[in-house]
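Visitor: pasting the sequence and the predicted model now:
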Amino acid sequence: MKQIFSLVIISLIIISCSSPSKKQAEAPEQQYLMVDAKTRVYHDDGTRTYRPYKPFKTRTIEILAGYETPEKVPVLNQYGGNTDFKEEATGFFHVKKIGDRWWGIDPEGNRYINIALNSLNAKGSDGMNQALKEKFGSKENWMKETIALLQVYGFNCAGSWSDHEAIIEYNKTAERPMAYTINWNFMSSYGRKRGGTYQQAGHTGYPNDAIFVFDPGFETFCDEHARQLLEYKNDPNLFGHFSDNEMPFKFKAIDNYLALPENEAGRIAAENWLTEKGITKAEITDEHREEFMALVGEKYFSIVSKAIKKYDPNHMYIGARFYSNEKHHEQFMRAVGQHLDIVSNNYYNHWTPDSAHVQEWTEWTGRPFIVTEYYTKGEDSGMGNISGAGWIVRTQEDRGLFYQNYNLALLESKNCVGWHYFKYIDNDPNQKGVDPSNVDANKGIVSNRYVPWTPMLDKMKELNSQVYNIVEHFDN
């Protein structure tokens with residue numbers, strides 16, 4: 001589907017400061033496009049609707065203040081790393097702070113930005129499966145052609161819920177392999193075995209939003225579960241391990257645990273904690289809530305990190321994809337950061353990432369971050385677009401403009417070493433048994449019949465292909 005003209009009314013706004021200093025006056029003035037988008041509204045009955053269109057300020061490559069499109073971009077190696085800058089090569093991906101900027105470092109020692117796409121897999125409805133067969137002939141050929149497509153558009157990794165086994169098989173003979181991640185679902189797997197979990201929109205639910213981290217059997221389970229990592233420990237194409245997805249690390253965790261049944265390990269642990277503090281339930285303050293929230297996080301991440309590093313010391317532990325307010329609580333983030341190589345955050349409801357947030361995450365944890373889930377949905381796709389998060393915009397080109405604006409802010413922060421866009425393929429309303437957040441939305445870079453959304457991809461490529469030049473621009 002190709003869009004020639006956008007339906008959006010785009011205007012240019014020049015932002016200037018009153019009484020600028022000489023340095024400010026000489027600096028290029030930043031211009032913005034105005035792109036229309038709809039934001040979500042949550043209702044008490046659990047439903048969600050969208051507000052009317054509203055214009056949002058949007059930076060793009062074309063109008064980035066002081067930036068000129070380079071005549072030459074750096075030579076990239078097979079991983080997508082910048083060969084102009086060489087650091088220590090360990091044979092595996094890792095991160096390093098160089099000056100005041102955090103970098104990913106690829107297995108050959110090149111500076112690297114992780115540009116990933118989530119859900120690179122071929123699981124789908126009967127209609128999707130038939131379309132795959134007609135267009136690609138086989139799953140193997142689908143993977144080959146899809147990775148080639150992603151690499152043309154500047155992606156260098158597959159994020160959560162991707163078919164990592166098919167990617168590994170592809171990489172065995174590929175001149176240019178695709179990096180990948182694995183989500184091991186430590187807590188949710190333990191919960192399924194133990195009993196008590198249930199499906200929520202987008203993630204696993206737990207009783208009272210209280211994860212089973214105080215269960216006496218959890219640590220033993222994690223050690224056994226992590227033995228699976230041995231199979232991957234020597235693969236240079238593995239970017240890192242996620243341990244879970246969107247768990248409820250809640251500010252009122254102490255209240256939630258105390259409301260569990262009397263014989264639950266979590267409630268017993270919470271009651272013992274109150275006894276150690278010498279306080280009653282009625283005396284709990286917000287300071288206590290902050291402290292207990294951090295305790296829950298520290299216990300989970302210390303147990304899981306120990307298991308991961310025991311069986312795979314070569315690869316990074318890249319977190320559990322924080323999705324709620326936990327990432328805005330300093331005490332919690334300081335507690336968990338000591339166990340992570342990279343902090344992973346699913347970050348919605350921000351057209352442009354908040355400059356304070358992207359600084360706090362690294363200041364508090366001492367680690368760089370990646371944004372592991374965000375997206376927009378195009379109204380011109382003809383899809384319902386009610387399920388899931390994300391903004392609604394008018395056109396596929398506008399989706400690409402959002403992508404540029406969002407990621408420019410991440411690169412500008414100097415603390416971000418990559419992003420994982422959600423996701424590869426659109427939802428199919430005819431697919432049965434899917435997560436309720438994945439019912440009817442235009443989330444993908446291809447339609448649910450494997451047709452690329454070219455106007456969006458063109459804008460993505462424009463940024464992805466210049467990412468190292470843009471970093472140099474911001475740093476200078």
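Guide: On my side now, so go ahead.
Visitor: mind listing what R321 touches?
Guide: Residues touching R321, when contacts are defined by CB atoms under 8 Å, 6 or more residues apart in numbering, comprise S160, N183, F242, D244, N245, E246, S344, N345, N346, T372, E373. For glycine as for every other residue, the C-beta is placed from the backbone atoms N, C-alpha and C.
Visitor: tabulate those (TSV), appending pLDDT and neighbour count.
Guide: As requested, the contacts of R321 are arranged in TSV below (pLDDT from 0 to 100; neighbours: other CB atoms under 10 Å):
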residue	pLDDT	neighbour count
S160	97	23
N183	98	22
F242	98	22
D244	98	22
N245	97	22
E246	97	18
S344	98	29
N345	98	22
N346	98	21
T372	98	31
E373	97	24
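Visitor: which element is the closest residue to C222 other than its chain neighbours on?
Guide: Spatially, and ignoring its direct neighbours in sequence, C222 is nearest to A307 (4.2 Å; CB to CB, 6 or more residues apart in numbering). Under the criterion DSSP states H and E, the helix or strand holding A307 is helix 286-311.
Visitor: so S162: helix, strand or coil?
Guide: Here S162 takes the coil state, with states given by DSSP: H, G, I helix; E, B strand; the rest coil.
Visitor: burial measure for it, as a count.
Guide: In terms of burial, S162 registers 24 neighbours under the definition other CB atoms under 10 Å.
Visitor: now do D126
Guide: By the measure other CB under 10 Å, the count of residues near D126 is 11.
Visitor: dump stretch 28-43 to CSV, keeping only the CA atoms.
Guide: As requested, the backbone C-alpha atoms of stretch 28-43 are provided in CSV (Å, rounded to 0.1, in the frame of the first residue of the first chain):
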residue,chain,number,x,y,z
PRO,A,28,19.9,26.5,14.6
GLU,A,29,16.3,26.9,15.5
GLN,A,30,14.4,23.6,15.9
GLN,A,31,11.5,23.1,13.7
TYR,A,32,8.6,20.7,14.2
LEU,A,33,6.0,19.0,12.1
MET,A,34,2.5,18.8,13.6
VAL,A,35,1.2,15.2,13.3
ASP,A,36,-2.4,14.4,14.3
ALA,A,37,-2.8,11.5,16.7
LYS,A,38,-5.5,10.0,19.0
THR,A,39,-4.8,9.1,22.6
ARG,A,40,-6.4,6.3,24.6
VAL,A,41,-9.0,6.8,27.3
TYR,A,42,-9.4,4.1,30.0
HIS,A,43,-12.9,3.5,31.5
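Visitor: okay, buried residues for that stretch please.
Guide: Neighbour counts using 16 or more other CB atoms under 10 Å place Q31, Y32, L33, V35, D36, A37, K38, R40 of stretch 28-43 among the buried residues.
Visitor: what's the answer for stretch 312-323, then?
Guide: Judged by neighbour count (16+ other CB under 10 Å), stretch 312-323 contains these buried residues: D312, N314, H315, M316, Y317, I318, G319, A320, R321, F322, Y323.
Visitor: low-confidence ranges in this protein?
Guide: 1-26 (pLDDT under 70).
Visitor: the nearest residue to H94 once chain neighbours are set aside: neighbour count?
Guide: Here the nearest residue to H94 in space, its sequence neighbours aside, is I105; by CB to CB, 6+ apart that works out to 5.2 Å. The burial count assigned to I105 is 24, neighbours taken as other CB under 10 Å.
Visitor: who's I105 bridged to?
Guide: Beta bridges link I105 to H94, R111 when assigned by DSSP bridges.
Visitor: so P55, which of the three states?
Guide: Assigned state for P55: strand (three-state reduction, three-state DSSP).
Visitor: spit out the contact partners of it.
Guide: Contact analysis of P55 by CB under 8 Å, 6+ apart lists I9, M34, V35, D36, A37.
Visitor: gap between it and N405?
Guide: Between P55 and N405 the distance is 13 Å, computed by CB to CB, to the nearest Å.
Visitor: now the contacts of P55 in TSV, with secondary structure?
Guide: Conversion of the contacts of P55 to TSV gives the following (three-state DSSP):
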residue	secondary structure
I9	coil
M34	strand
V35	strand
D36	strand
A37	strand
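Visitor: just so I have it, where are all the helices in this structure?
Guide: Per DSSP state H, the chain has helices spanning 22-26, 126-136, 139-152, 164-171, 186-194, 218-225, 253-258, 265-277, 286-311, 330-337, 355-365, 396-413, 454-464, 467-475. These are given in chain order.
Visitor: contacts for the fourth one?
Guide: Identification of contacts with helix 164-171 by CB under 8 Å, 6+ apart yields 120-122, 139-140, 143-144, 147, 158, 177-178, 180-182, 235, 237.
Visitor: ok, and the most crowded of those residues?
Guide: The member of the contacts of helix 164-171 that has the most neighbours, counting by other CB under 10 Å, is A158 with 29 neighbours.
Visitor: burial of I470, as a residue count?
Guide: For I470, the tally of surrounding residues (other CB under 10 Å) stands at 20.
Visitor: just to revisit the earlier point, among the contacts of helix 164-171, find me the one that's closest to P436.
Guide: Of all those, the one with the least separation from P436 (CB to CB) is N121, at 18.9 Å.
Visitor: quick one: the closest one and Y424 touch, right?
Guide: Yes - checked against CB atoms under 8 Å, the pair N121 and Y424 is within contact range at 7.4 Å.
Visitor: list residues touching both of those two?
Guide: Where contact means CB under 8 Å, 6+ apart, the residues bridging N121 and Y424 through contact with each are S162.
Visitor: now list whatever residues contact both of P55 and N405.
Guide: V35.
Visitor: determine which two of the contacts of R321 are furthest apart.
Guide: Across the contacts of R321, no pair lies farther apart than N183 and N345, at 14.7 Å, counting by CB to CB.
Visitor: identify the spatial nearest neighbour of P52, chain neighbours not counted.
Guide: Spatial nearest neighbour of P52, excluding adjacent residues (CB to CB, 6+ apart): K38 at 6.9 Å.
Visitor: ok, that neighbour touching Y50?
Guide: Yes - with contact defined as CB under 8 Å, K38 and Y50 form a contacting pair (4.1 Å).
Visitor: quick check: neighbours shared by those two?
Guide: When contacts are counted by CB under 8 Å, 6+ apart, K38 and Y50 have I392 as shared neighbours.
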